[in-house]
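Q: fold the following.
(chains A and B)
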Amino acid sequence: MHLTLEFGGGLELLCDSVKIHNVDVELKKGLEKLTMKDLLAWVRTNLIKERPEMFMKGDTVRPGVLVLVNDCDWELSGQLETTLQEKDVVVFISTLHGG
Amino acid sequence: MEEGNTIAKRAGSRLCCLCNERKPALKRPKTLEQICRDCFYNVFEEEIHQVIVGNHLFKAGERVAIGASGGKDSTVLAYVMSELNRRHNYGLDLFLLSVDEGITGYRDDSLETVKRNEVQYGLPLKIVSYKDLYGWTMDEIVKVIGLKNNCTFCGVFRRQALDRGAAYLKVDKLVTGHNADDIAETVLLNILRGDVARLSRCTSITTGEDGPIPRCKPFKYTYEKEIVMYAYFKKLDYFSTECIYSPNAYRGFAREFIKDLERMRPRAIVDIIKSGENFRISTSTKMPEQGTCERCGYISSQKWCKACVLLEGLNRGLPKLGIGRSRFLENSNDNRKEAKRNDGDRSIESKQCGSLDF
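A: Presented below is the predicted three-dimensional model:
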């Protein structure tokens, strides 16, 4: 599944300072859907090059990291249960820095 | 059937709670309402306007400096203040005031953002630097004192630096972008440290009215999440890297805790602030008296203000001066007297509020 992932608020530093990633995520065998939970695990393995604890805590994002799917708060679509579709844009923004 | 449900769930089977017309874009932590982008802009701006008016933060004709670091809070603050000033005719003269602590790889980059903000929002900018005011950059200070306690230096110096900048600009007030999350963290920090004096002051929306320049926090009830969402949707230009020295700050623990609490129950943040606002200090508690610093005249509850003590320590190669319990301040004549007085009081209960340092 082709997705566009964006990292902001300092998170890009964990991915070689690249803000926008166009990725191709393989779905798990037998499943037709990709959930945010699956995507997060994939991102941690494939895109996060350092300090994964800054991005994730357990199964979900670290508290203080906002997630938007197609410019909508993921709290509206079920957080980790949100299902993703082809060409979706997922944005991760960290709020954990000085103002 | 399954697919239909999934699509409905994805799109959000509801419409915006407020306008009932558009698709919701976010869930407000304060109220758990699901609202669309346009309604979000409206409630965000309107709530801040109500905070400003309801707390009588400004008077028409005042000159106001906005503490601007180039970060998310101060950039959104500058944007919203300009907008509300225009829309509601506050009649204010707004300025941007920035502090250069001399932290390479952090402050030099964020100052570029403020310079862009100056142009984008049309607000005149003044930058004050630690090097000019104190003769030391934070990088130089950290080289001398190490990675612990450097936030103490920076915070103390910054407060004074802002006052100096504000005096230079001849402004009547200073506004800072401290948001609800920050204030909840501060309440918690002060509880954790037993700092009763600060606990009694830290939830005030306006502080320092008896000092050189009063300061206020229009974002006192505004959630950090909403500030970031606002900046994201409006595509506001801000700088977002953590200060390189911050991982060692004690505040980090309070922040981590607050974020976990927010996840469980988002209202915890405003509720902590409400608790803080309603604390009353027991009449039997000994509180520090506010006077002035003997060395520089700045407001202080001790003989010398904190900035002077810290600076003295730096200049005399005694980096621990001002860090730790007050009986360490033994090296100058004035401080020796204070140390003798304190030596008799061995127990914690008899220590004056606010004199315990970490």
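Q: residue of chain B closest to chain A, please.
A: Closest to chain A within chain B is B:Asp73: 2.7 Å, counting by Cβ to the nearest Cβ. C-beta coordinates here come from the backbone N, C-alpha and C atoms, glycine included.
Q: test my guess that B:His49 contacts B:Tyr90.
A: No - applying Cβ atoms under 8 Å as the test, B:His49 and B:Tyr90 come out as separate, 9.2 Å apart.
Q: tell me, what's touching those two both at once?
A: B:Leu84 (Cβ atoms under 8 Å, 6 or more residues apart in numbering or on different chains).
Q: check residue 98 and give its pLDDT.
A: Unless you meant another one, I'm taking chain A. On pLDDT, A:Gly98 comes in at 73.
Q: I was after chain B.
A: Reported pLDDT for B:Ser98: 95.
Q: what do you get for B:Gly70?
A: 92.
Q: same thing with B:Thr152?
A: Taking B:Thr152 on its own, its pLDDT is 86.
Q: that one in helix, strand or coil?
A: Look at B:Thr152: counting by DSSP: H, G, I helix; E, B strand; the rest coil, its state is helix.
Q: hmm, back to that, and B:His49 and B:Tyr90? which has more neighbours close in?
A: Neighbour totals were compared for B:His49 and B:Tyr90, and B:Tyr90 leads with 20 against 17 (other Cβ atoms under 10 Å in any protein chain shown).
Q: can you name the residues of chain A that neighbour chain B?
A: A:8-10, A:13, A:33, A:62-64, A:66, A:68, A:71-73, A:75-78, A:82-83, A:85, A:91, A:93-99 (Cβ under 8 Å from any Cβ of the partner chain).
Q: is it possible to mark the buried ones in these?
A: With neighbours counted using 16 or more other Cβ atoms under 10 Å in any protein chain shown, the residues of chain A next to chain B contain these buried positions: A:8-10, A:13, A:62-64, A:66, A:68, A:72-73, A:75-77, A:82-83, A:91, A:93-99.
Q: what are the boundaries of the strands in chain A?
A: In chain A, the strands defined using DSSP state E lie at A:2-8, A:20-24, A:34-35, A:56-57, A:60-61, A:65-69, A:72-73, A:83-84, A:89-94.
Q: so what strands line up beside the second one?
A: Spelled out, that is strand A:20-24. strand A:2-8 (antiparallel) (DSSP bridges).
Q: please apply the same query to the third one.
A: Partner strands and pairing direction for strand A:34-35 (DSSP bridges) are strand A:83-84 (antiparallel).
Q: go on, the last one?
A: Applying DSSP bridges, strand A:89-94 is found paired with strand A:2-8 (parallel), strand A:65-69 (antiparallel).
Q: okay, the closest residue to B:Cys296 other than its chain neighbours and B:Ala161: tell me how far apart.
A: The shortest distance from B:Cys296 to any residue other than its chain neighbours is 5.6 Å, reached at B:Cys308 (Cβ to Cβ, 6 or more residues apart in numbering or on different chains). B:Cys308 sits 14 Å away from B:Ala161, going by Cβ to Cβ, to the nearest Å.
Q: can you check B:Gly146 too?
A: 22 Å.
Q: which of those two has more neighbours?
A: B:Ala161 (24 against 11).
Q: other SSEs contacting the helix or strand where the more buried one lies?
A: Element membership for B:Ala161, per DSSP states H and E: helix B:150-169. Packing partners of helix B:150-169 (3 or more Cβ pairs under 8 Å, 6 or more residues apart in numbering or on different chains; DSSP states H and E): strand B:63-67, strand B:93-100, strand B:125-129, helix B:130-134, helix B:138-145, strand B:173-175, helix B:306-315.
Q: pull the distance from it to the chain's centre.
A: Helix B:150-169 sits 12 Å away from the centroid of its parent chain (Cα atoms, centre = their mean, to the nearest Å).
Q: before we move on, what about stretch B:28-44?
A: 24 Å.
Q: what about that stretch, how long is it end to end?
A: Using Cα to Cα, to the nearest Å, one end of stretch B:28-44 lies 10 Å from the other.
Q: now it: buried residues?
A: B:28-30, B:33-37, B:39-40, B:43-44.
Q: pull the contacting residues for the nearest residue to B:Gly67 once chain neighbours are set aside.
A: Nearest residue to B:Gly67 in three dimensions, chain neighbours excluded: B:Thr176, at 4.3 Å (Cβ to Cβ, 6+ apart). Going by Cβ under 8 Å, 6+ apart, B:Thr176 touches B:66-67, B:74, B:77, B:215-217.
Q: ok, now which ones touch the residue nearest in space to the middle of chain A?
A: By Cα atoms, centre = their mean, chain A has its centre lying nearest to A:Leu40, at 5.2 Å. Each residue near A:Leu40 by Cβ under 8 Å, 6+ apart is listed here: A:56, A:59-61, A:80.
Q: can you select the buried ones among those residues for me in ChimeraX?
A: To isolate the buried subset of those in ChimeraX, counting by 16+ other Cβ under 10 Å, use the following:
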select /A:56,61
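Q: turn the contacts of A:Leu40 into TSV, columns for pLDDT.
A: Formatted as TSV, the contacts of A:Leu40 follow (pLDDT from 0 to 100):
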residue	pLDDT
A:Met56	94
A:Asp59	93
A:Thr60	94
A:Val61	95
A:Leu80	95
